[in-house]
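Undergrad: Mind folding the following:
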Amino acid sequence: MTGIDEVFAALSREPDLDSAELQAHDATDRLLLELAAASSDPDPASLGAGTLSIIGDRHGALTLGAAAALGARGIRVFQDPLLAERALAVNAARLGLSGAYANHPLGAELLVGAELVLLQLPRSLAELDEIAQTIARYAAPGVTVLAGGRVKHMTRAMNDVLGRSFGEVAAGLAARKSRILTARSPLDAARIEDLRFPVWGSDPDLPFALAAHGATFGGATLDRGSRMLLRSLSEEPPAGEPRTVVDVGCGNGVLAVSAALAFPSAQVIATDQSAAAVAATRLTADAAGVAARIDVIRADGAEAVPEGWAELILLNPPFHSGATVHAGVAHRLIRSCARALAPGGELRLVFNSGLAYRSVVERAIGPARQLDRDRTFTVLAARRRRPR
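TA: Residues are numbered from 1 along each chain as shown. This is a model prediction of the structure:
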């Protein structure tokens, strides 16, 4: 079998954000694999088909490390970001391990019969809560959950969240600035029934309710940036009612649904690479009565939008990839909008006022004007240049 070092050396982040300072693995991946190997001693073959599930693998280090270094097969994997799925596929093909795993949604088909779950801890406690209650609900009664993270990103509250779904939670010693939480003895379904997702929320500025899963950006709330962007649409609407609208990075669906209600003749496409966001947006749209006019697609940026289709694109971009803050995330989304915009079409963008996105927007799209700004956020409108 191939060693962990050889596997890690072969990994890339492609097609996710990549740069010299970013790696496709970290010390937590290594520690999780070492503990998984120890838990299967003296027989690594105990990681048989269907017994190992992996959640939150960022670029394939956990899955391919388990396959190549531990001999695991039939690995079931859930990755909320689409780019993480694609990076795993690229790395698996490079290592000849494409057949060692299969992707599944967070639910029964991922977890029924699982005896060991490896989890890269999310930063969001709500996301961890949903993952934990799903494991407890569907995995084998004797399941062991090894949940790892970088110490600087971990809090005592993570133990407490795991304790809402498991009877035993223990923290291991820190090693290489990482730590593993071990959870066992899942509580029965009746005792965790009230922890079910999705959750719902409301806002006085919205005529509809918002749905959210644990990993949905912003939860079931109207975040401040989106509130400013919506205010700009009300106070300075686009010239002429748009017939085709795209919400890139749709989150809980607030922008897509608001656009569908504001422009009743428009067809709307909502995209997000997060599985949790796509599920939440569909629920929000259905509850608001506009699901028939909103196509919700799990996609990278505007890749699913026909070239030159959109008369209006709404964008409230993230400024991080996982736990890594990097301006390149928003830059690539802005560039993807340029391809999808119709000539003369408009991009409405909200972003942190401290980030220099205006020059990026003007290079990719066309002349921009500021519609709103405060100490935290800036709203811009930019029209795609018409061909001469």
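Undergrad: mind listing the helices for the stretch 1-150 of the chain?
TA: Assigned helices in the stretch 1-150 of the chain, in chain order: 4-10, 27-40, 61-70, 82-95, 108-111, 125-138 (criterion: DSSP state H, counting those that start in this stretch).
Undergrad: if you compare these, which one is most tucked away?
TA: Highest mean neighbour count of these: helix 61-70, a mean of 26 (counted as mean count of other CB atoms under 10 Å). Every C-beta, even on glycine, is put in place using the N, C-alpha and C of the backbone.
Undergrad: thinking again about what came up before, TSV for the helices of the stretch 1-150 of the chain, including distance to residue 339 and mean pLDDT?
TA: Listed next are the helices of the stretch 1-150 of the chain as TSV, based on distance: least, CB to CB, whole Å; pLDDT from 0 to 100:
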stretch	distance to residue 339	mean pLDDT
helix 4-10	32	89
helix 27-40	34	89
helix 61-70	32	94
helix 82-95	18	96
helix 108-111	34	96
helix 125-138	31	96
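Undergrad: who wins for proximity to residue 235 among those?
TA: Taking CB to CB, helix 125-138 is the member of these nearest to residue 235, at 32.4 Å.
Undergrad: Quick check: which helices or strands does that closest one pack against?
TA: helix 108-111, strand 144-150, helix 156-163, strand 178-186, helix 189-192 (3 or more CB pairs under 8 Å, 6 or more residues apart in numbering; DSSP states H and E).
Undergrad: what stretches of the stretch 201-350 of the chain score poorly on pLDDT?
TA: 319-328 (pLDDT under 70).
Undergrad: on that earlier part again, among the helices and strands packed on helix 125-138, show me which one is buried the most.
TA: Of the helices and strands packed on helix 125-138, strand 144-150 is the most buried (mean count of other CB under 10 Å), at a mean of 23.
Undergrad: what residues are up against the nearest residue to residue 386 once chain neighbours are set aside?
TA: Excluding the flanking residues, the one nearest residue 386 by CB to CB, 6 or more residues apart in numbering is residue 343, at 4.4 Å. Contacts were defined as CB atoms under 8 Å, 6 or more residues apart in numbering; by that measure residue 343 touches 308, 384, 385, 386, 387.
Undergrad: mind saving the C-alpha coords of the helix or strand hosting residue 169 as PDB?
TA: In this structure, residue 169 sits in strand 166-171 according to DSSP states H and E. Extracted as PDB, the C-alpha positions of strand 166-171 are listed here (Å, rounded to 0.1, in the frame of the first residue of the first chain):
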ATOM      1  CA  PHE A 166     -23.700  11.300  21.300                       C
ATOM      2  CA  GLY A 167     -23.500   9.900  24.800                       C
ATOM      3  CA  GLU A 168     -19.700   9.900  24.800                       C
ATOM      4  CA  VAL A 169     -17.400  12.700  23.600                       C
ATOM      5  CA  ALA A 170     -13.700  12.900  24.500                       C
ATOM      6  CA  ALA A 171     -11.000  15.200  23.400                       C
END
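Undergrad: tilt between that strand and strand 144-150?
TA: 40 degrees (axes from the mean of the first three to the mean of the last three CA atoms, to 10 degrees).
Undergrad: Check which helices and strands strand 166-171 is in contact with.
TA: Applying 3+ CB pairs under 8 Å, 6+ apart, we find strand 166-171 packed against helix 156-163, strand 178-186.
Undergrad: In terms of secondary structure, what does the longest one contact?
TA: Judged by 3+ CB pairs under 8 Å, 6+ apart, the packing partners of strand 178-186 are helix 27-40, helix 125-138, strand 144-150, helix 156-163, strand 166-171.
Undergrad: Given the strand ranked longest in the chain, what are its sheet partners and their directions?
TA: In the chain, taking DSSP state E as the definition, the longest strand is strand 341-352. Taking DSSP bridges as the criterion, strand 341-352 forms sheet pairs with strand 310-315 (parallel), strand 377-383 (antiparallel).
Undergrad: What lies in contact with the helix or strand just after it?
TA: Counting by DSSP H and E, the element after strand 341-352 in chain order, helix or strand, is helix 358-364. With contact meaning CB under 8 Å, 6+ apart, helix 358-364 is reached by 330-331, 334-335, 337-338, 347, 349, 368, 370, 378, 380, 382.
Undergrad: When you filter those residues down to buried only, what's left?
TA: Among the contacts of helix 358-364, the ones that count as buried by 16 or more other CB atoms under 10 Å are 330, 331, 334, 335, 337, 338, 347, 349, 368, 378, 380, 382.
Undergrad: Can you redo the residues you listed as a markdown table, where the extra columns are distance to residue 208?
TA: Formatted as a markdown table, those follow (distance: CB to CB, whole Å):
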| residue | distance to residue 208 |
| --- | --- |
| 330 | 27 |
| 331 | 32 |
| 334 | 28 |
| 335 | 31 |
| 337 | 25 |
| 338 | 30 |
| 347 | 24 |
| 349 | 23 |
| 368 | 30 |
| 378 | 26 |
| 380 | 26 |
| 382 | 28 |
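Undergrad: quick check, nearest of the residues you listed to residue 197?
TA: Nearest to residue 197 among the buried ones among the contacts of helix 358-364, counting by CB to CB, is residue 330 at 27.6 Å.
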